[in-house]
Structure formats: C-alpha cells, structure tokens
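> give me a 3D structure for the following:
(2 chains)
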Amino acid sequence: MPRQRDDRRRQRTTRIRGVRAGFWVYVGLGVVLIGSLFPFYWSFLIGSGDASTINDPNMSWIPGGNFLENAATVVNDPAVNFWRALWNSILSSALIAASVVATSTLAGWAFAKLRFPGSKPLLVFVVATMAVPLQLGVVPLYILFADLGWTGNIGAIIIPALTSAFGVFWMTQYLQQSVPDELIEAARVDGASMIRTFWTIGVVAARPAAAMLGLFTFVTAWNNFFWPFIVLDRSDPTLPVALSLLQSNHFVDYSIVLAGVLLSTLPLLLLFVFAGKQLVSGIMAGAVKG
Amino acid sequence: MTATATRVDESAPPKPNPGRAPRVISFSQRLSRWDLKVSPYLYISPFFIMFLVVGIFPIAFTAVISFMDWDLVRNSGEFVGFDQYVWILGQPQFWTALRNTFSIFLLSSVPQLIAAVFIAAMLDRNIRSKTFWRMGVLVPFVMAPVAVALIFSNMFGDNHGLVNSVLTDLGLPAIQWHKDAFWSHVAISTMVNFRWTGYNTLILLAAMQAVPRDYYEAATVDGAGAFRQFRSITLPSLKPTLIFVIITSTIGGLQIFDEPRMFDQFGRGGAAQQWLTITLYLYDIGWGQWNFGRAAALAWILFLIILIIGLINLLVTRRLVRDEGRR
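You can find the predicted model right below:
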C-alpha cells in the first residue's frame, strides 16, 4: 500500500511521536467511542418517548418528541424536588471542590517544598488514609450528625468532604516537580514571609493542578450517592438521591426516569465540554509513571 | 511557564553572602525564624484536623460500636464482645453478599483493566486529534453511577430490554438478567466497566507515553513485531502503574453500592439476594434494621477484607508482571 510507505517515511522523520496509527486503530477507537456515547443516546431515545416505548419491540432509533414533556414531569414531581436537588448538588459540590483545592494546595506546598521534622512519615500517613473505606466511618458519623441535629442538612455531606488525602498527595507530587527549590530560597533571601512565598510562587505554580483537582473533586462530589443517601432527607436531596427516588415508585415509567437521568447529567456534560481537556490532561499528568 | 519565571527571578537581585551571620537578632528576624518553623505545620493542619474529626474519630468509634449492642433511643451501647461479629459471620446472607461482591469485583476489574491497556495502546499510537479521542473515552466518567445504573438496568431488562432484543434477533436465547445471579453480576459489572474503563485508560496511557521511544526503535531494528514489543517493552514498563490501578480498583470495587442498589426498584439486592453486596447489606443492617452494632462490625470485616485483598493483589501483580518482563 502506498499509504503505508508514506507512513513509514513520516515515522522516520517524527520518530519521537511514535508510529503513525493505521486504519484499524481508528476503527478500534471508533468502536470504543460509540460504546462510550451509546448509553447517552439510548437514554435520550427512551427519555423522548412515552411509557410504552420501552415495551415496543419495533422501537425506532429516531428520538420521539416527548423529551421536554418528560423532563417537565421530572422537574414538577413534588416527590423528586428537582430544583432543590440541583441547588444542593451545585452548592455542596462547589464548596467541597473549593475547600479541597485550598487545603490541598496549602498542605501539598508544605510537603513538597518546606522542610520540617516529621514531614516524610506524615505524608506516608496521608497516603495510607486513602485505603480506608468510607463505610468504616458512616455509622459514627451518622450518630454524630444525628446528635447535632444535622441529618437532612447538606452540611452533613459537605463537612466530611472538606479535605482530601488524594488532593494533598496530588498537589505534593505536582509542586515537587514544577517548582525549583532555588526559586523559593531566592524569595526567602529577599525577605518574603512563608505565606507570601506560598502565595506568589506556590499558588501561581499550582494553578493547572488545582484546576484539575477542582474539576475532579467537583465531579466526584456531584456523583456521590452512598453517604448523601444515608444522611439526607428524601425531601431535600442531591441529584443522585433524587434520581434514586424516580425509580423507587412501584410503577416505573422509564421514559420519565431516563429523561430525569439526562437532565441531571446535563450540567456535568456541559462542564465536561468546556473543561474536559483540562481534566483529561490532569488525569494523564497525575498518573504513576514507570 | 514555570521555567521562564525561574529565569526571571534568578537574574533578579544578587543573593547576600550566606556565610555572614547577623549579629543582632531583631524582632523581624525572630518573627521570620518562628514563621519558618511553624508555617509548615500550619499549612498541613487543615487536613489533619479534619481527618481527626471525620476520619480517626469515626474509625475508632466504629470499632467501639462493633463490640456493642447499640441502643438508638438512648444513643449508647452495651458491651457484648465479639457477638456482633459472630452474628454477622453466622448469616448466610453475609456469605452470599461476599460471594456476589467478589464475583462483581472480578467481572468488572479484570476485563476493564485488559480493555484499558488495549485502548491505551491504541491511543498511544500517533493518532490525529488526540484530545478528541481522549475526551471521548472519558465522557462516561462524568455520569453518576446512579444514572449509569438506571440506564443499564433498563438496557438489561428481562423482557423487552435492548440487550435481550438484540440477543433474540441474533437467534440466541434471552437472558434473565435480574433472576440469574451470574448474569446479574455481568450486568452490574458492565455498568462499572462503562464508567471506569476510560479513566484507567488515561492513567495507563500516561505511563505508556513515559516509555522512551528508543526502546521501540531498537526492538524494531532487532525484528520484534508489534505484539512482541507490546509484551516485552510496554507491559513491563507499566508495572508500577498497573499495581496502582489494580489497588485502587480493588478498594473501589469491594465497596460497590450504587449500581447494585439501583439495579431494580426495590434496592434490596434481588429477591434471593442474587446481587446483594457487602455494602448493600451494611446499609440494610444499619438503616433498614437500624442495628448499628452489627453494621459497625460488618464495616470492620469489610475493611479487613479490603486490606487482605489489597496485599494479595500487590504480591500477585508484582510476580506476574515481573515474569512478563523476562526477556
């Protein structure tokens, strides 16, 4: 094939970039992409039909016209409390993301760039806490929040998530690589206080990693289910908890359920369209490399 | 960006001679020394204070509660020793849940990691519009597990679900996704795989890109084919990353709750506990039967299982991948 010869020549000139992909690689990736997107399309297909769509053996692959109507049913269902759930999700995810970014950047800066007795074992401890399952704390946390009268309050899902071991570890790794020690020494010699050094050098250098951490934390908090499901009232839910209520009715109309699914995913899809590149490159950058 | 900043700052004011010690210690210098000592601890304190309150305290308290018959009304407990653990271990449901959890965990993590390695290998080729493909692979990650579960439990409907329609169109028998234990595990694992494959792909891709391209060139010169190169260069280089990915997916996989909870509208793990998992069982004991002592004991059992499996994983992966790498 002439195409292949051409590829080989290009490969020789752009060695560092690796072998130019052939036709089958694109086919393979195309299949993966379709697999990734199909469930979204499927939920739109069902969500835009009516209650009978799901049982129709000759279901059409073209969406019906009922999506807005179904979405309106979800939004207006008093049992689901959609707007309240949306607000709770936005508020709690944003506060959690902001707090995790702030506390992780501070701690990551200390672990990466400041020398102090005990820093190594403390960092090991932080990493070790990542292995502790959430389930280990839910019973006492529930008792604690019940004591404080906070069950049913979204404070109960925000407070435990304000800091993150992953975040601290992530920031430590990033700052270690991206800020040369001489820069900090120079600033110290010039008489900058610790907090000023952090603010002018650390925070500026941390921005890309902070953006990724913020996005990642936001997505995780938004999608969290187990703890909110336990501690929140059904009348004052977050979106995943509200979604779970859609299905718990004994008569399940899937066209409404899946319209609700899409509706609740839409904000994150929009976020992903605008900031997904950042998230992707962040996940790539943070991986443990060989 | 950082590099330019460095250069600018280094060419800035010359450093004073470090050998000359100040004779008089002024207030500002004392303040600065104090600043140097205390600041690091101040910066890490938010994490540790929060961890003390919402981490250490609950874990220790869970241990205490697990030895008690907890009274919800009085909000205190009576010491009963290992009774709660004995009770849990004596429940057939616990063993069913354990079996289901492992089955779902294996069905999700093994195919998922294999798929992730191969998709990453495809993305590692020199492809056009890299970012587009990478983002495409990651889209499912933004969808909540609850949402994924609702979509897939619909597609895996026993009567008119999409998957069964396709199967019968192909002349195959329909599968009882909600009745048969094994097939319910397959369906739930599919949800997990859908959401997490892309994430793991990107992590593995990052590791692949860190492999020096010279290795491949040398191998090509030596006459090694694509598959041989993949087996002898790519896989061994992925070892640390693979261990990391396997450990994290173990920790997550053994805690699975959202997907089995949403697999039908009752959320109890099926009529005969076909897909009851440990965390689902924990929820049922704690917030269905309101028995916190037993729930706490189950939480500790789960933690010990995760620790043991994590260690086994670490040992096995080390050995396996090392063997792969022998040239």
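> just the closest residue of the stretch 201-327 of chain B to chain A, please.
residue B:206 (3.7 Å; C-beta to the nearest C-beta). Heads up, the C-betas are built off the backbone N, CA and C, glycines and all.
> can you get me a residue count around that residue?
When neighbours are counted by other C-beta atoms under 10 Å in any protein chain shown, residue B:206 registers 21.
> and the one 5 residues further on, by the same measure?
Counted with other C-beta under 10 Å, the neighbours of residue B:211 add up to 18.
> distance of the closest residue to it other than its chain neighbours from residue B:117?
Nearest residue to residue B:211, sequence neighbours excluded (C-beta to C-beta, 6 or more residues apart in numbering or on different chains): residue B:237, at 4.5 Å. From residue B:237 over to residue B:117 the distance is 12 Å, taken as C-beta to C-beta, to the nearest Å.
> show me the contact partners of stretch B:74-91.
Applying C-beta atoms under 8 Å, 6 or more residues apart in numbering or on different chains, the contact partners of stretch B:74-91 are A:143, A:146-147, B:64-71, B:94, B:293-294, B:296-298, B:300-301.
> where does the stretch 51-200 of chain A dip in pLDDT?
The model of the stretch 51-200 of chain A has pLDDT under 70 over residues A:57-58.
> quick one, strands of it?
For the stretch 51-200 of chain A, applying DSSP state E, counting those that start in this stretch gives no strands.
> could you do the stretch 51-200 of chain B as well?
B:68-71, B:76-79.
> which parts of the stretch 101-250 of chain B are helices?
Taking DSSP state H, counting those that start in this stretch to define them, one finds helices in the stretch 101-250 of chain B at B:130-138, B:145-155, B:162-169, B:181-209, B:213-221, B:226-229, B:235-237, B:239-253.
> now those in a markdown table, with mean pLDDT and distance to residue A:104?
What follows is those, written out as a markdown table (pLDDT from 0 to 100; distance: least, C-beta to C-beta, whole Å):
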| stretch | mean pLDDT | distance to residue A:104 |
| --- | --- | --- |
| helix B:130-138 | 93 | 22 |
| helix B:145-155 | 93 | 24 |
| helix B:162-169 | 90 | 42 |
| helix B:181-209 | 95 | 19 |
| helix B:213-221 | 87 | 34 |
| helix B:226-229 | 84 | 39 |
| helix B:235-237 | 87 | 29 |
| helix B:239-253 | 86 | 18 |
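> so which of those is the most packed in?
helix B:145-155 (a mean of 26; mean count of other C-beta atoms under 10 Å in any protein chain shown).
> residue A:39 versus residue A:31, what's the distance?
14 Å.
> same thing with residue A:153?
33 Å.
> those two: which has the busier surroundings?
Per other C-beta under 10 Å, whichever of residue A:153 and residue A:39 has more neighbours is residue A:39, with 23 against 16.
> burial count for residue B:289?
Residues lying near residue B:289 (other C-beta under 10 Å) number 10.
> can you pull the contacts of it?
Counting by C-beta under 8 Å, 6+ apart, residue B:289 has no contacts.
> before we move on, what about residue B:118?
Residue B:118 is in contact with residue A:28, counting by C-beta under 8 Å, 6+ apart.
> report pLDDT for the residue nearest to the spatial centre of chain A.
Centroid-nearest residue in chain A: residue A:219, 2.3 Å away (criterion: C-alpha atoms, centre = their mean). Note on residue A:219: pLDDT of 95.
> residue A:42 contacts residue B:150, doesn't it?
No: using C-beta atoms under 8 Å, residue A:42 is not in contact with residue B:150; the gap is 11.1 Å.
> run a quick neighbour tally on residue B:294.
Neighbour tally, residue B:294, other C-beta under 10 Å: 25.
> can you count the residues close to residue B:56?
Around residue B:56 there are 14 other residues, counting by other C-beta under 10 Å.
> which pLDDT value goes with it?
88.
> what do you get for residue B:14?
For residue B:14, pLDDT reads 49.
> then the one 5 residues further on?
For residue B:19, the pLDDT comes out at 54.
> wait, which of the helices of the stretch 101-250 of chain B is closest to residue A:234?
Closest to residue A:234 of these is helix B:145-155 (C-beta to C-beta; 14.2 Å).
> helices and strands around the closest one, which ones?
Packing contacts for helix B:145-155, counted by 3 or more C-beta pairs under 8 Å, 6 or more residues apart in numbering or on different chains; DSSP states H and E, involve helix A:23-47, helix A:239-248, helix A:254-286, helix B:162-169, helix B:181-209, helix B:258-261.
> ok, and what's touching it?
A:39, A:42-43, A:46, A:54, A:223, A:225, A:240, A:243-244, A:246-247, A:254, A:257-258, A:261, A:264-265, B:140, B:161-163, B:187, B:190-191, B:194-195, B:258-259, B:261-264.
> relative to helix B:181-209, how tilted is that helix?
130 degrees (axes from the mean of the first three to the mean of the last three C-alpha atoms, to 10 degrees).
> picking that back up, mind checking which of the helices of the stretch 101-250 of chain B is nearest residue A:86?
Of all the helices of the stretch 101-250 of chain B, helix B:145-155 comes closest under C-beta to C-beta, at 13.9 Å.
> before we move on, the earlier item: let me have the helices and strands packed on helix B:145-155 in TSV, adding distance to residue A:191 as columns.
Shown next, in TSV, are the helices and strands packed on helix B:145-155 (distance: least, C-beta to C-beta, whole Å):
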stretch	distance to residue A:191
helix A:23-47	53
helix A:239-248	50
helix A:254-286	33
helix B:162-169	68
helix B:181-209	40
helix B:258-261	53
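> now the strands of the stretch 51-200 of chain B in CSV, with mean pLDDT, mean neighbour count and distance to residue B:35?
Compiled in CSV, the strands of the stretch 51-200 of chain B are given as follows (pLDDT from 0 to 100; neighbours: other C-beta atoms under 10 Å in any protein chain shown; distance: least, C-beta to C-beta, whole Å):
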stretch, mean pLDDT, mean neighbour count, distance to residue B:35
strand B:68-71, 90, 18, 47
strand B:76-79, 86, 12, 46
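> to residue B:308, which of those strands lies closest?
strand B:68-71 (25.0 Å).
> mind giving me the packing neighbours of the closest one?
By 3+ C-beta pairs under 8 Å, 6+ apart, strand B:68-71 packs against strand B:76-79, helix B:83-89, helix B:292-325.
> who does it pair up with?
Strand B:68-71 pairs in its sheet with strand B:76-79 (antiparallel), by DSSP bridges.
> export the partner strand as PDB, just CAs?
Provided in PDB are the C-alpha atoms of strand B:76-79 (Å, rounded to 0.1, in the frame of the first residue of the first chain):
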ATOM      1  CA  SER B  76     -25.400   4.400  73.800                       C
ATOM      2  CA  GLY B  77     -24.500   0.800  73.900                       C
ATOM      3  CA  GLU B  78     -23.900  -2.300  76.000                       C
ATOM      4  CA  PHE B  79     -20.700  -4.200  75.600                       C
END
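> chain center to that strand, what's the gap?
Distance of strand B:76-79 from its chain centroid, counting by C-alpha atoms, centre = their mean, to the nearest Å, is 34 Å.
> contact partners for residue A:198?
For residue A:198, the contacting residues are A:106, A:109, B:43, by C-beta under 8 Å, 6+ apart.
> for PyMOL, what selects the buried ones among those?
Remark: buried members of those, expressed as a PyMOL selection using 16 or more other C-beta atoms under 10 Å in any protein chain shown:
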select buried, (chain A and resi 106+109) or (chain B and resi 43)
